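Undergrad: structure for the following, please:
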Amino acid sequence: MKHIIITTVSVLALLAAWLLLRGTGHLWVPVVSIVAVYHLIVGYGSAQIKANYFVQSINKGENEGVAFTFDDGPDENLTRKFMDLLEAEQVKATFFVIGRKAAENTELLIEIDRRGHYIANHSYSHSNFIGFFPYAKLKADIDHCSATIEQAIGKRPLLFRPPFGVTNPIYARVLKKIGLQSIGWTIRSFDTVLKDKAALTQCATRTIGNGSILLFHDTQQITLDILPDVIRFCRDNNLKIVSLPELINKSPYD
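TA: Residues are numbered from 1 along each chain as shown. Alright, predicted model coming up:
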């Protein structure tokens with residue numbers, strides 16, 4: 001809807017500029033400005049999932065508490081260690097898995113489910129170029145991930161997180177067609193970038209509050225190292241750690 005509004009306003013602005021300035025020699029100035037602003041808005045909307053520009057994502061929960069989510073697994077070396085830690089802390093998390101990794105580590109998917117965590121779709125390929133996939137290819141990719149999850153645990157996911165948090169009009173059409181809810185985040189930990197434990201802990205906790213959806217990766221040892229501190233911070237500040245489905249009032253599976 002936002003994209004439609006911005007596009008309509010931009011077209012009307014271009015039309016107004018043409019009507020008012022045609023033949024004056026100054027038409028190019030507003031035209032270039034309008035086109036530049038339009039592309040800046042579209043670029044921002046595509047790259048920032050919180051903008052809900054193309055796709056209506058859930059970026060914060062409605063209920064009290066915070067939810068932990070982990071992207072890019074399952075990781076054969078680390079995911080089980082994350083589950084061990086979460087079990088010791090009595091925390092339930094949601095794992096947004098990459099389908100091709102899930103297909104290679106089916107036993108980990110089964111264990112994630114058995115331990116009471118939730119599994120969601122993070123695309124099959126997680127290609128660097130997935131934002132440029134045409135409709136049929138993107139749909140096939142996302143469907144393939146859901147099918148891989150369903151084959152492993154007997155449940156088809158209803159929650160999806162776009163790789164890199166990038167969306168576009170094709171994503172909107174695909175997700176509507178196959179009935180997946182896009183999930184963003186409230187806090188991005190940047191655990192794939194930050195290499196200092198104190199800095200990572202601060203990034204994950206400095207703006208945390210009720211409704212926060214935290215984005216981590218179960219592929220990073222540093223995340224495993226600082227997770228007890230994040231959990232302790234939540235509890236010291238009377239923030240209950242709940243599952244993502246509970247926080248957002250959405251069913252995780254079809």
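
Undergrad: where in this protein is pLDDT low?
TA: 1 (pLDDT under 70).

Undergrad: Ile41 and Thr192, how far apart?
TA: As judged by CB to CB, to the nearest Å, Ile41 and Thr192 stand 27 Å apart. C-betas here are computed from N, CA, C, even on glycine.

Undergrad: compare the two (neighbour count), which wins?
TA: Ile41 (18 against 15; other CB atoms under 10 Å).

Undergrad: wait, isn't the more buried one in contact with Ile5?
TA: No: using CB atoms under 8 Å, Ile41 makes no contact with Ile5, being 10.4 Å away.

Undergrad: so what's Pro74 up against?
TA: Applying CB atoms under 8 Å, 6 or more residues apart in numbering to Pro74 gives the contacts 95, 97, 101-102, 105, 108-109, 112, 218.

Undergrad: neighbour-wise, which of those residues leads?
TA: Using other CB under 10 Å as the neighbour test, those are led by Val97, with 34 neighbours.

Undergrad: in TSV, list the contacts of Pro74 along with distance to Ala47 and secondary structure.
TA: Formatted as TSV, the contacts of Pro74 follow (distance: CB to CB, whole Å; DSSP: H, G, I helix; E, B strand; the rest coil):
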residue	distance to Ala47	secondary structure
Phe95	24	strand
Val97	23	strand
Lys101	24	helix
Ala102	26	helix
Asn105	30	coil
Leu108	31	helix
Leu109	30	helix
Ile112	29	helix
Asp218	24	coil
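
Undergrad: could you dump the residues you listed to a markdown table with distance to Lys240?
TA: Putting the contacts of Pro74 into a markdown table (distance: CB to CB, whole Å) gives the following:
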| residue | distance to Lys240 |
| --- | --- |
| Phe95 | 20 |
| Val97 | 25 |
| Lys101 | 30 |
| Ala102 | 29 |
| Asn105 | 31 |
| Leu108 | 27 |
| Leu109 | 27 |
| Ile112 | 22 |
| Asp218 | 22 |
